[in-house]
Structure formats: structure tokens, C-alpha cells
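K.L.:
After the sequence you'll find the predicted model.
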Amino acid sequence: MIAFCLRRLAWLAITMWAVFTFTFVMVRVVPGGPFDRERPLAPEIRRNFERQYRLDRSYLEQYWGQLTDALRGDLGRCMRIGDYSVREVIALGLPISASLGLLALAFAVVAGLAVGVLSAVFRGSPLDILLRLAATIGIAVPNFVVAGVCIVLFVFLIPLFPAAGWGTLRQLALPAFCLGAPYAAYVARIARTSLLDVLGQDFIRTARAKGVSQRRVVFVHALRGALLPVVSFLGPAVAGIVTGSLVVEQIFAIPGIGVYFVSAAFLRDWTLSMGVVLLYTFLLYSMNFLVDVSYAWLDPRVQLS
Amino acid sequence: MAYRQTGWGWWLAAGALGAAVLFAVRTTRLPPADFTFVNGTEVKSLDPAIVTGQPENRLINALFEGLVRWGPETLEPLPAAAASWEVSADRLRYRFQLRPDARWSDGTPVTAADFLYSFRRFLDPRTAAEYAYQGWYVRNARRYSAGARGLRPGDRVEVELNRDPDDVNTLRGDMVRGVLAEVQDAAGRVVPADEWAAALAAPQTPLESWTFVVDRGGQRGRYRYADDAQAVAAPPAGVAWCRQVLLDFDEVGLKQLADDQLEFELENPTGYFLQLLGFYPLFPVNRRCVETHGAPQWTYPEHIVCNGPYVPQFRRLRDRTRLAKNDRYWDRDRVALRTIDVLAVESSTTALNLYLTDQADWIHEAPATALRALLDQQPPRDDLNPSTFLNTYFFLFNTRRPPLNDVRVRRALSLALDRSEIAERILAAGEQPAFSLTPPGIPGYDPPRCAAEDPAEARRLLAEAGYPEGRGFPALSILYNTHEAHRAIAELVRKQWQRGLGIVVKGRNEEWASYLSSQRQSNFDICRKGWIGDYADPNTFLDMYVTGGEQNNTGWGTPAYDGLIAAAARESDPQRRLALLADAERMLMDELPIVPVYFYVSKNLVKPHVRGFFNNIQDYHPLWALSLDRTRQSPNPFLRGRR
């Protein structure tokens, strides 16, 4: 177990370094830089900008400087948001994206599992067909459409929720639903398939033969085994969902960090791009690690090695 | 065992969820502001010297105030921090008398020294002010902001010495003053005086490896550039480290005559100089505040000291900035709104949703997709009145590339454009077809127009240029930045040219940064561009196209045009100056290195109970002039001239 963790930790370091290097190169390869303007900057002003971000040095010096800074946890100042450092921008935005993401995730898991279990138990019934259709629609329809429809319905036609903003429970409902809906649909589909798979196995038949009630068979004996594929889907999904979504955050004007994954690249904010890419790498890696660990807990047959 | 683990896991999940909800609603319930508006993208900074852009313009104008401020309707310069001024007969000297009751938000008076400090800081290359060129009208300001690159042999200079790297980053180093005697390059060679200015001005010259020899009254000091962190190490023998070498600020045309008197001396009689002083880059900042907290911490709401009608109460990144009335503002009796929420909302559709659900009182840009429906409503909306302002959409032709180097081809392309079709089919807000680069509306200036649509003449010109019926005409592309309307316009223009001239062009889409990069390298045939005038004068449009101008990526240029622009800059008679600019624009519209397409319109939606909001040619709406009339008894001037 300890050896497993240590090995994973070493791979985390290697992965982060590789992603760092790749990002460092990529931002410099694409045309356009952080200090390009419609009217070009005067040379001396540009030089001072570059000096502030060490861009006047050789590539090797830039790379080494940024790498050692990053190792110390210093991600530098944003190039386009002048009053904040990358760490501050992440510290201000990540909790917002993460709390919205957790709500969306809770909705996705609860709704997704409920739908999945119902579908599996009533396999082939009209209810199953209806729920599977809903799940397919949830996956197929992009969330800006879901958001648009929700706004028309619940903001304008039936004014239940505010149009946008952040800070009250009512403001959370629509974005959490729109963010969570596609995940709920995936969870439902995965849960249904894997539950059907488990329900067909011998130990379930044994349990039924012993006279265990249907409810106990499904929720105690089958569901735990059926959760494995759901958990392995949720791991990477968590990393995606807590780092926010460009679309949902823009439509509902939520000050999270999802927007930066795109805007920092478009604005050639090299330092902020690096920050959010490293953050996402770290979260994705950690979540996959947690998934592996939780396998061992959910299924005693799995050995961590 | 495993059973207990899962149970524990559920508790953990529930706890995390509870924490997430609590975090999300943790902020104390705010009392609603008197007035809320959507400001677009989050502002880059609250420091007036280092920002550019419209959202910054709206916010900084609420916090700081220059010598003059613009009237809300006609944008005429009104007394602000300055109570009065005198202009010399040659229009080169402006003397300002400061207002005795102008106060910073900490209660200290706004003095001439504040303006001197702020202007120097604004020009200092270390401040890295993108808008530094807005100060270049002042004598020697351009040379000062160019740092060592602006120096010439024999100049009086100031050498800024290094400080401890841990000092507050806004403090200046100690100054050494003297005369620049000689310059040595990286190899230690004394650069001959006639070569040195050109070598220094070249951006690729590494200033760090050069040595500046300064004569301090017979004593010679040798200085070399170093960052504060590098300067901790001992310099090479006989050399001292310095942060930078600048022209002596005494050479710059801004003088403090008394505690409350200032005088600007200009390079040229700049007709719009007074107006420029009401533009935020030239606003003062509080020296004590800047030097106590350092940058950017001084701009934090808990530290910032302002002299405008409002102070920031708090700022939530990409959410909102709450402004409160500055009770020490000299004209506080005029300021009606006590609190204002400035929302950072990027999507114009979201902004519209907020506006329609009464969560915002003003949005500056209704989304184009909804505008047509909004404008078609019956009875007409009482909160929407698009009007033209200083913003033109045009195409650049790359005149270095054949066949666009032939003026007949450029004219043919312009004559074959059906601008009305573009304005009516694609644009929804009543945008006007453009036949000049300068939009209408600048007082005293009637922009000369290029020829209107004439397909027969277009075909004749194209045939004359060697492409009858478009035969043999190379395939050109129209470069545009990613945007639905730009794509649609490029597509329609493609059809118009194919229909009218029989030539084939195609669209080329690039996202903003790549598009800028292609534009700068003149890596295009035809390129879409939009330009908003920085000030209400034709010069802001016309001086872009002088030969080799920074933004002149067309490759076009003639000495006659350059001569007219330069003569206009020197002309002190306002009417004659505008006549020279009109001659220049006539030349531009005749040679057509650029082809105007349409004039943008403002797209403000303003709640009918808001007063003091006017359409004007800069689409600029000062917050100090706004008030509310919930009874809607008084007339609403915003709706004047509504279609």
C-alpha cells in the first residue's frame, strides 16, 4: 500500500513536470504573445513588461526560472489581470467552481443512481425506456442549450430563479442543474448497465434463493458491486466538474475558474494558463489515484500493487 | 469493516456538500445598490496609468478625476480638479489653476505636486503604461517615456539608482543628475555620437550590456542597467549599477508654478489637448498611497485613495465592484447615486437577462441576436436608442501585394461593395453604411466620402487593371477575427464581389491574438478592422495611416498624406487644422488603402427611470451625472431622436 502510494507520488511529479514543459513550449509556439496589442507597444514599455515576467531572458533561463518558482508554489503574476497573482486568481475562483461543482456532482450522483437503479430493476418496461431516453438526451444536448431552455422556463416564463449571479441558494440551483445534468445522464447509463450485469451473477441468485428481499438484494448486495464503474467514471469527472465549466460560468455569470481555461489561452496570459493547466493536471491525477484506492475498499478482490 | 467504511464515506460526502452550500451562500446579504450596471469583462486594474479599454474607462472615471471632466451630453471639457485655465495665443501653453476644494478621499488636498508625480509615473517606462502615447503631446514626454532609447548626446539626464529588492516596489531609487557624455556598447567601444541615437532607438539593442557615461559637473559616472536583484552583486570595476537612465524630467513640459498651479507646454498646438486631460490615463494618483502599499496592493479597496466621485467598497474578482459615493468629492452635491454595483459580466446575453429581470439598470451592449427583436417591439421600447459614435468597421488592403497595389483594383473592390445590404441584412441595430474612415458627428468636421456603389464603373476599372470580368484575378482572402458577425460580413462581401466583379475571395478566420499577429506582420490580403476613436477628433483615425505608422499595416504611404497630417498637427487655427485633416481624408478615400464599410452604433439599454444619460459620439456616460426619477415625470433625454 505504502509502496503503491510512493510510486504514484513519483509518477505525479513526473507527470506534472511533463505537463509543465509541454505548456511552457506550447504557449511560446503559437503565434501572438501576451504583450501584442492592436497598436504595438513602444519598445521601452514592452521591454519593461518583458522584464517583469523575465521574458527578456533566454528560453533556458525562462524555463528554469519558472520551474523553480513553480516548485516553490509561486506561479507568478497574471499577465492580463494586473491586480492579482495567479495564485490569488485560483484561490478566489477555485472554491466557487468547486462548491458549485460539488452540488452539481451530488445532483448527478443522486439523480443518476436513482434513474440507473430504476431502469435496471424495471428493465424493458416503459419506465425504463423513458428514463433511458432522458439519459440519452441529457448526454446529447450540450449544456448551453440546457441552460438556455432552463433560463427561458424558470427565469422568464415561471420566475422562480434569478437570471445569473452568485451568492444565494436560489442563484445556485440552475447552474448546478445545468452543470450536473450531463454527468447525471452518464451515471444513469453506467449504473444501469453495471447493475444489470451484477444482478445476473450467481451470488445474487444465491441471495434470492435464501429469501432475501428484492430491496435488500438490489441496495445491499448488488449496488455495491455495481458502483465500481460509476466510481471510475466519477474520478476524472470530479476533476472536470470542480474546475468549473466555461459555458455554465459565462451564462450564469459565476466568478469561478472555468473561464480561465479558455480565456487565458486566448488572451495569451502565459502565467495564468500554466497555473490552471497545472491545477487541472494535479486534480485529475489525484482523483484517479483516489479512484484506484476506493476500488480496494469497494471490492475486496482488488489488490493495490 | 468494508461496510463501516462506506457508511463513513457517505457522511464525508454529505459534509462536503454542506460545506459547499455554506461556502456558496456565506457572503452576507448585501443591501441592493441604488444603481447597477454591467461593465463587461473584469477590469485589468484600478490603476489609471496602466490600463486601457472601455470597462476600465467606465470604472476609473468613477474613482479618479483629471484636471477636466467631460460633460455627459456633448463631452465638452468642464472644470474638474482644475477650476480654470488659460491657453496661450500659440496654443502651446496651458496654465491650470487647481480647485481649492479638490480633495483626496483621505481628506488631503489635490495639489499640483500630485499631478506632477502622477504624470511622471505615467511616463516612466518602468510603470509600463500601454497608453503612454496619450501623454506624448506634452513637450519631451515621448522622449522621457522612451527611457535611454530616447536620449541624444549632450542631453540632461537622470539616472535612477537601484534599491533594495525588498523595498516597496513603487518607490523610486536615488537620482543622479548630469549630462550624458558618451555611450559604450557591449564591447566597451565608445559609440560615435552620430551612431548612438539610432542604435539606442532600435528595439533589439540590449540596453543592459551598454554603459552610460554621465558628466556630473566635471565628475564622470559610468552606469550600467541592472535589476534590483542583480544589483545586489558588486558591479564590474569602474561601473555603477542603475535601474535606468532617462531624460531629466525637468526637460518635460509640465511645470508646477505654485502649490495649486500647473503649466503644460506642448510639442504642437494640439486642438484636442484639453479633451485629452479628461481621459483617464492622465488622471492623478495619490503618491502616499502608491508608495506606502506598493503595486498592485495600493489599488485594493482597503488601501486605495481616490479623488473622483466614488470610492470602491469592495471588489470581487469577476463578480462585482461596489462603489460608494465619495463624501469628500468637491462636487458631491451633484452626485445623486449613493451606491453603484459594477458587474463584471462577459456575456452580452447574460447581461440582457439580468437587465430584463431588473437586476441591472444599464447594459452597454445588447446582444446583436436580440437587438432586432427588441427594436421591432410595438410600442417601441422606452429604454433603447442606438446611435452612431466614433467607431468604424473597415477593411485594410495589403498594398504590398499585387493586384492590391493597383489603386484601380482597390477602387473597383470598394465600388462593388453594397454597404447598405451589409448593414441591413447582417446588422440589426441601424448601423450606417460608411463612406469615410471618420464617423460623422465631430463638430466642425464633415468627413470627405469615397464613391458610392457603382458596379459598372467597378467592372470597367477592373478590366482596365487587366482583369476583364475578373479573369486572371488571383484568389484573395479576407482575414477576420473569430466573431459571428465578422464571418457573416466576409461571406456576404465574398458574394458581392463574385456577383459584381466575377472574382473569387475567401474568408480566413483567426482568433484574436493570431489575427493581431498576422495583421502586424502584414500577413493578409484584405483584413477586417474596427477602430474606436480615442478622442473626438479626426486625427485619431487619420494619423494611423501615415507612412510606416505603427498601425498602418497596409504598406501604403505617400509623402503628401504624411505632410498634411504633420501640417495639421502644427496648425494652431482650429478651422484650418480641420481643413488640412479633411484634405488628408480625401486623399485616403481616393487612394483607398482602407475601405470603410459601416459605422457601429451604441447599443445601450437604460432603464426609463435613469436620468442624465445621453447618447454621445464617444458612447461615454459619466456616473456622476446620473440620477433616478422613479416617477418618470421628467423627460428622458436618452430617447431624443429615436427612430
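P.N.:
On my side now, so go ahead.
K.L.:
And the residue of chain A that's closest to chain B?
P.N.:
A:G32 (3.2 Å; CB to the nearest CB). All C-beta spots, glycine's among them, are computed from the backbone N, C-alpha and C.
K.L.:
got the contact list for that residue?
P.N.:
A:268, B:513-514, B:516-517 (CB atoms under 8 Å, 6 or more residues apart in numbering or on different chains).
K.L.:
Including secondary structure, could these go into CSV?
P.N.:
Shown next, in CSV, are the contacts of A:G32 (DSSP: H, G, I helix; E, B strand; the rest coil):
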residue, secondary structure
A:R268, coil
B:A513, helix
B:S514, helix
B:L516, helix
B:S517, helix
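K.L.:
which of the residues you listed lies closest to A:E50?
P.N.:
For the contacts of A:G32, the residue nearest A:E50 by CB to CB is A:R268; the value is 13.1 Å.
K.L.:
tell me the contacts of the closest one?
P.N.:
A:27, A:30, A:32-34, A:36, A:79, B:513 are the contacts of A:R268 under CB under 8 Å, 6+ apart.
K.L.:
Kindly recompute the last result at 6 Å.
P.N.:
Contact analysis of A:R268 by CB atoms under 6 Å, 6 or more residues apart in numbering or on different chains lists A:32-34, B:513.
K.L.:
B:E182 now?
P.N.:
Here B:E182 is in contact with B:190, B:213 (CB under 6 Å, 6+ apart).
K.L.:
8 Å - rerun?
P.N.:
B:153, B:190-191, B:193, B:213.
K.L.:
that's a strand at it, yeah?
P.N.:
Yes - B:E182 sits within a strand when classified using three-state DSSP.
K.L.:
got a list of what the residue nearest the centre of chain A touches?
P.N.:
Centroid check for chain A by CA atoms, centre = their mean gives A:G240 as the closest residue, at 1.1 Å. Taking CB under 8 Å, 6+ apart, we find A:G240 in contact with A:L284.
K.L.:
got it, and the one 5 residues further on?
P.N.:
Applying CB under 8 Å, 6+ apart, we find A:S245 in contact with A:143, A:179, A:258.
K.L.:
now do A:V86
P.N.:
A:75-78, A:271-272, A:274-275.
K.L.:
Double-check that the residue nearest to the centre of chain A belongs to a helix.
P.N.:
Yes - A:G240: assigned to a helix according to three-state DSSP.
K.L.:
for the contacts of A:V86, which one is nearest B:G253?
P.N.:
A:R77 (33.5 Å).
K.L.:
do you know how far the nearest residue to the closest one once chain neighbours are set aside is from B:V504?
P.N.:
In space, and not counting its chain neighbours, A:R77 is closest to A:S85: 5.0 Å by CB to CB, 6 or more residues apart in numbering or on different chains. According to CB to CB, to the nearest Å, A:S85 stands 50 Å off from B:V504.
K.L.:
Now rank the contacts of B:E182 by neighbours and give me the top one.
P.N.:
B:V191 (19 neighbours; other CB atoms under 10 Å in any protein chain shown).
K.L.:
Would you check that it makes contact with B:D185?
P.N.:
Yes - at 5.4 Å, B:V191 counts as touching B:D185 under the criterion of CB atoms under 8 Å.
K.L.:
hey, where'd the strands end up in the stretch 301-450 of chain B?
P.N.:
In the stretch 301-450 of chain B, the strands defined using DSSP state E, counting those that start in this stretch lie at B:310-316, B:320-325, B:339-343, B:362-363, B:388-397, B:432-433.
K.L.:
Which strands or helices does whichever helix or strand comes after the last one pack on?
P.N.:
Translated: strand B:432-433. Next helix or strand after strand B:432-433 toward the C-terminus (DSSP states H and E): helix B:455-464. Applying 3 or more CB pairs under 8 Å, 6 or more residues apart in numbering or on different chains; DSSP states H and E, we find helix B:455-464 packed against helix B:407-415, helix B:484-501.
K.L.:
Output those in JSON lines; the columns should cover distance to B:A579, mean pLDDT and mean neighbour count.
P.N.:
Formatted as JSON lines, those follow (distance: least, CB to CB, whole Å; pLDDT from 0 to 100; neighbours: other CB atoms under 10 Å in any protein chain shown):
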{"stretch": "helix B:407-415", "distance to B:A579": "24", "mean pLDDT": "95", "mean neighbour count": "24"}
{"stretch": "helix B:484-501", "distance to B:A579": "33", "mean pLDDT": "93", "mean neighbour count": "18"}
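K.L.:
With adjacent residues omitted, what lies nearest to the residue in chain B positioned nearest to chain A?
P.N.:
Of all residues in chain B, the one sitting closest to chain A is B:A513 (3.2 Å; CB to the nearest CB). Spatially, and ignoring its direct neighbours in sequence, B:A513 is nearest to A:G32 (3.2 Å; CB to CB, 6+ apart).
K.L.:
okay, the one you found: pLDDT?
P.N.:
A:G32 carries a pLDDT value of 84.
K.L.:
Can you list the low-confidence ranges for the chain?
P.N.:
Reading this off chain A. A:304-305 (pLDDT under 70).
K.L.:
my bad, chain B
P.N.:
B:1-7, B:27-28.
K.L.:
quick revisit: got a winner among the contacts of A:V86 for most neighbours?
P.N.:
Top of the contacts of A:V86 by neighbour count (other CB under 10 Å): A:L272, with 29 neighbours.
K.L.:
Could you verify my assumption that that one touches A:Y260?
P.N.:
Yes - shown here, A:L272 and A:Y260 form a contact pair, counting by CB under 8 Å, at 5.8 Å.
K.L.:
Identify the contacts common to the two.
P.N.:
A:V89.
K.L.:
check which helix or strand covers A:P182.
P.N.:
Per DSSP H and E: A:P182 is located in helix A:169-199.
K.L.:
next one: that helix to chain centre, how far?
P.N.:
14 Å (CA atoms, centre = their mean, to the nearest Å).
K.L.:
Would you indicate which residues of it are buried?
P.N.:
A:171-192, A:194-196, A:198-199 (16 or more other CB atoms under 10 Å in any protein chain shown).
K.L.:
do the same with stretch B:375-391
P.N.:
Under the neighbour-count criterion of 16+ other CB under 10 Å, stretch B:375-391 has B:375, B:383-391 buried.
K.L.:
Same check on stretch B:46-55?
P.N.:
Counting neighbours by 16+ other CB under 10 Å, stretch B:46-55 gives B:46-52, B:54-55 as buried.
K.L.:
now do stretch A:292-305
P.N.:
For stretch A:292-305, burial by neighbour count (16+ other CB under 10 Å) applies to A:292-295, A:298.
K.L.:
now do stretch B:156-163
P.N.:
For stretch B:156-163, by 16+ other CB under 10 Å, it's B:157-163.
K.L.:
Could I get the CA-only coordinates of stretch B:154-172 as CSV?
P.N.:
Presented in CSV, the C-alpha positions along stretch B:154-172 are these (Å, rounded to 0.1, in the frame of the first residue of the first chain):
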residue,chain,number,x,y,z
GLY,B,154,24.5,66.1,-24.5
ASP,B,155,21.0,65.6,-23.1
ARG,B,156,20.5,66.3,-19.4
VAL,B,157,19.7,63.0,-17.9
GLU,B,158,18.5,61.5,-14.6
VAL,B,159,20.0,58.2,-13.5
GLU,B,160,17.8,56.1,-11.3
LEU,B,161,19.9,54.0,-8.9
ASN,B,162,18.8,50.6,-7.6
ARG,B,163,17.1,50.0,-4.4
ASP,B,164,17.0,47.0,-2.0
PRO,B,165,14.9,44.3,-3.8
ASP,B,166,12.7,44.0,-0.7
ASP,B,167,11.7,47.7,-0.7
VAL,B,168,8.2,48.7,-1.7
ASN,B,169,8.2,48.3,-5.5
THR,B,170,6.7,51.7,-6.2
LEU,B,171,9.5,53.7,-4.6
ARG,B,172,12.0,55.3,-6.9
